[in-house]
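Engineer: I would like the atomic coordinates for the input below:
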Amino acid sequence: MTATQLITDSFVSLAAFAGLLLAIAALRRPGRADPLTGRFVFGLSVVAVLMGARVVGWNTHWHLFDALYLIAAALIPLATLIVVEGLLRRHAPLALKLAALVGAVGLGATAILPPAWVEPGLGWALALFQVAGFVAVGALVVLRDRSALSSAENRTVDRLALSLILIVPLTLTDYGFAAMPVRLSGIAILFLCWLALTVGRGQVSHRDAVASFTAIAAGAVLSGLAIGWVADLSWTAIAQAIAIVLATMLVVLVFNETRGMRREDRRASLLRQIAYGDTGDVRRFLRDLQRHTMVEGGLLLEEGELGDVDPDVLRRVFEHSPVCRPEDAGAQGDPAAAEQLHWLFEKYGATHILLVQKAPLTLLVLNLPTLAASPGLQIEVRAVQRMASLIADREAAA
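Structural biologist: Got it, this is the predicted structure:
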């Protein structure tokens with residue numbers, strides 16, 4: 001392995017390792033503890049060990065990491081089969097499971113032997129074992145009974161099949177059977193990580209996934225060619241530059257998906273607080289709600305704390321608009337109401353004022369700049385107001 005190839009292979013593998021860690025962290029976030037997620041995390045963890053161990057082994061030549069890489073590589077077909085069994089909700093044929101287990105134990109046991117005793121035959125055996133495992137898993141996926149699964153489950157299985165189309169050929173580049181300037185399995189792994197993160201969100205169709213990957217790959221190719229032309233690189237160096245750019249783009253894509261999932265979790269936690277909070281008393285409900293980071297610091301104002309503001313004027317305003325923002329103040333058609341609303345917004349530095357109760361007038365003042373431009377979160381603020389108002393009305397009726 002040349003120095004440039006070592007750098008390129010290490011970079012692509014480290015990018016895949018980073019993408020795997022991001023995907024594992026996203027899948028293990030609170031609220032996703034189920035058997036299928038556990039199987040998928042196990043499979044990704046095996047691949048992460050493989051990627052991390054081989055990078056350290058390449059750069060340190062420590063036999064311990066070479067052995068760890070070999071054990072993880074031998075476990076790949078078994079881990080894939082475990083994931084597919086969970087996806088299909090069916091046991092794989094016993095012969096296939098035994099073959100995956102025996103192969104994993106047999107090939108993994110060679111890790112204790114000196115490399116000179118097992119190479120180059122071990123590389124061939126490991127490559128054939130992995131490809132055979134992927135082909136067998138692909139057959140289970142293609143021949144499955146689609147009617148036994150829901151549309152969401154079928155979509156998830158199809159995503160796995162989509163990644164296998166890329167994983168199978170790119171896996172062969174890891175074993176040096178062709179004069180490839182870079183090992184490309186890390187690219188397929190990053191694509192798998194992205195698919196795993198998008199499938200549950202229902203945002204990306206199969207066609208969108210293929211189109212997105214094609215666009216990213218085309219961008220990486222054009223970038224690599226431009227770099228090669230400017231730097232006057234050889235075709236080998238250009239191919240390595242393309243692989244580096246593509247791996248970088250994919251790991252950024254995975255990172256952005258995990259950020260999006262965290263944002264959705266924060267929004268869902270607010271909804272959970274609304275759905276499961278204490279609804280016996282409006283003040284307890286709002287006090288519990290204020291512990292949420294999105295509405296932290298909210299101020300509850302009762303009629304006697306409004307100062308010179310005319311409660312009757314504000315009651316008319318909030319009767320038509322229970323949630324007011326600064327831009328709503330001038331749209332009331334009532335100069336006195338607009339003036340009083342402007343005064344409230346300026347005094348408390350508020351972005352939202354919510355009606356909690358009409359008599360006595362009770363308002364909730366919030367400063368939520370992160371919600372100001374988000375239509376989805378605006379609806380959640382409206383849900384907070386509606387729930388608080390319903391609780392207050394129930395208390396008044398009692």
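Engineer: Would you map the strands across the stretch 51-200 of the chain?
Structural biologist: Assigned by DSSP state E, counting those that start in this stretch, the strands in the stretch 51-200 of the chain number zero.
Engineer: how about the residue lying farthest from the centre of the chain, phi and psi?
Structural biologist: In the chain, the residue that sits farthest from the middle, by CA atoms, centre = their mean, is residue 308; the gap is 50.1 Å. Torsion angles at residue 308 (phi, psi; degrees, to the nearest 10) stand at phi -80, psi 0.
Engineer: Residue 301 against residue 360, yeah?
Structural biologist: No. If you go by CB atoms under 8 Å, residue 301 and residue 360 don't touch, sitting 10.7 Å apart. Any C-beta I mention is one placed from the backbone N, CA and C, and that applies to glycine too.
Engineer: Which of those two has more residues huddled nearby?
Structural biologist: Between residue 301 and residue 360, residue 301 has the larger neighbour count (other CB atoms under 10 Å), namely 18 against 10.
Engineer: Scan the chain for its longest helix.
Structural biologist: Of all the segments assigned as helix in the chain under DSSP state H, the longest by residue count is helix 235-276.
Engineer: tell me what that one is packed against?
Structural biologist: helix 3-27, helix 185-199, helix 206-231, helix 282-289, helix 375-397 (3 or more CB pairs under 8 Å, 6 or more residues apart in numbering; DSSP states H and E).
Engineer: and the angle for that helix with helix 375-397?
Structural biologist: 10 degrees (axes from the mean of the first three to the mean of the last three CA atoms, to 10 degrees).
Engineer: ok and helix 235-276 relative to helix 206-231, angle-wise?
Structural biologist: Using the same axes, to 10 degrees: helix 235-276 against helix 206-231 is 140 degrees.
Engineer: what is the mean pLDDT for helix 235-276?
Structural biologist: In this model, helix 235-276 has an average pLDDT of 82.
Engineer: chain center to that helix: distance?
Structural biologist: 6 Å (CA atoms, centre = their mean, to the nearest Å).
Engineer: now stretch 144-162
Structural biologist: 20 Å.
Engineer: Rounded mean pLDDT for it, please.
Structural biologist: Stretch 144-162 comes out at a mean pLDDT of 81.
Engineer: Tell me how far the residue nearest to the spatial centre of the chain lies from residue 327.
Structural biologist: The chain has residue 258 as the residue nearest its centroid, 3.4 Å off, counting by CA atoms, centre = their mean. Using CB to CB, to the nearest Å, residue 258 is found at 34 Å from residue 327.
Engineer: repeat for residue 218
Structural biologist: Taken as CB to CB, the span from residue 218 to residue 327 is 43 Å.
Engineer: Residue 55 too?
Structural biologist: In terms of CB to CB, residue 55 sits 53 Å off from residue 327.
Engineer: Tell me which of those two has more neighbours.
Structural biologist: residue 55 (22 against 9).
Engineer: Spit out the contact partners of that one.
Structural biologist: 10, 13-14, 17 (CB atoms under 8 Å, 6 or more residues apart in numbering).
Engineer: Between these, which sits nearest residue 323?
Structural biologist: residue 17 (46.1 Å; CB to CB).
Engineer: tell me, how many neighbours does the closest one end up with?
Structural biologist: 23.
Engineer: can you check the one 4 residues further on too?
Structural biologist: Burial of residue 21 is recorded as 18 neighbouring residues (other CB under 10 Å).
Engineer: again, but for the one 5 residues further on
Structural biologist: Here the count is done by other CB under 10 Å, and residue 26 has 22 residues near it.
Engineer: again, but for the one 10 residues further on
Structural biologist: By other CB under 10 Å, the residues close to residue 36 number 16.
Engineer: what residues are up against the residue nearest to it when sequence neighbours are not counted?
Structural biologist: Nearest non-adjacent residue to residue 36, counting by CB to CB, 6 or more residues apart in numbering: residue 86, 4.5 Å away. Residues near residue 86 by CB under 8 Å, 6+ apart: 35-36, 39-40.
Engineer: now do 10 Å
Structural biologist: 34-40, 42-43 (CB atoms under 10 Å, 6 or more residues apart in numbering).
Engineer: Identify, from those, the entry nearest to residue 74.
Structural biologist: Nearest to residue 74 among those, with distances taken as CB to CB, is residue 43, at 14.0 Å.
Engineer: and residue 356, that one's in a strand?
Structural biologist: Yes. The assignment for residue 356 is a strand, going by DSSP: H, G, I helix; E, B strand; the rest coil.
Engineer: Could you find the closest non-adjacent residue to it?
Structural biologist: Going by CB to CB, 6+ apart, residue 356 has residue 362 as its nearest residue, at 4.2 Å.
Engineer: So the one you found sits against residue 388, correct?
Structural biologist: Yes. Using CB atoms under 10 Å, residue 362 is in contact with residue 388, at 8.8 Å.
Engineer: Give me the common contacts of those two.
Structural biologist: By CB under 10 Å, 6+ apart, the residues touching both residue 362 and residue 388 are 282-283, 286, 300, 354-356.
Engineer: just curious, which of the contacts of residue 55 is nearest to residue 380?
Structural biologist: Checking the contacts of residue 55 one by one against residue 380 (CB to CB), the nearest turns out to be residue 17, at 36.6 Å.
Engineer: Can you tell me the closest non-neighbouring residue to that closest one?
Structural biologist: In space, residue 17 is closest to residue 51, 4.2 Å off (CB to CB, 6+ apart).
Engineer: and the one you found, what does it touch?
Structural biologist: Contacts of residue 51 (CB under 10 Å, 6+ apart): 12-21, 69, 72, 185-186, 189.
Engineer: change it to 6 Å
Structural biologist: Contact analysis of residue 51 by CB atoms under 6 Å, 6 or more residues apart in numbering lists 13, 16-17.
Engineer: Any chance of those in a markdown table with distance to residue 96 as columns?
Structural biologist: Output for these, formatted as a markdown table (distance: CB to CB, whole Å):
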| residue | distance to residue 96 |
| --- | --- |
| 13 | 29 |
| 16 | 27 |
| 17 | 29 |
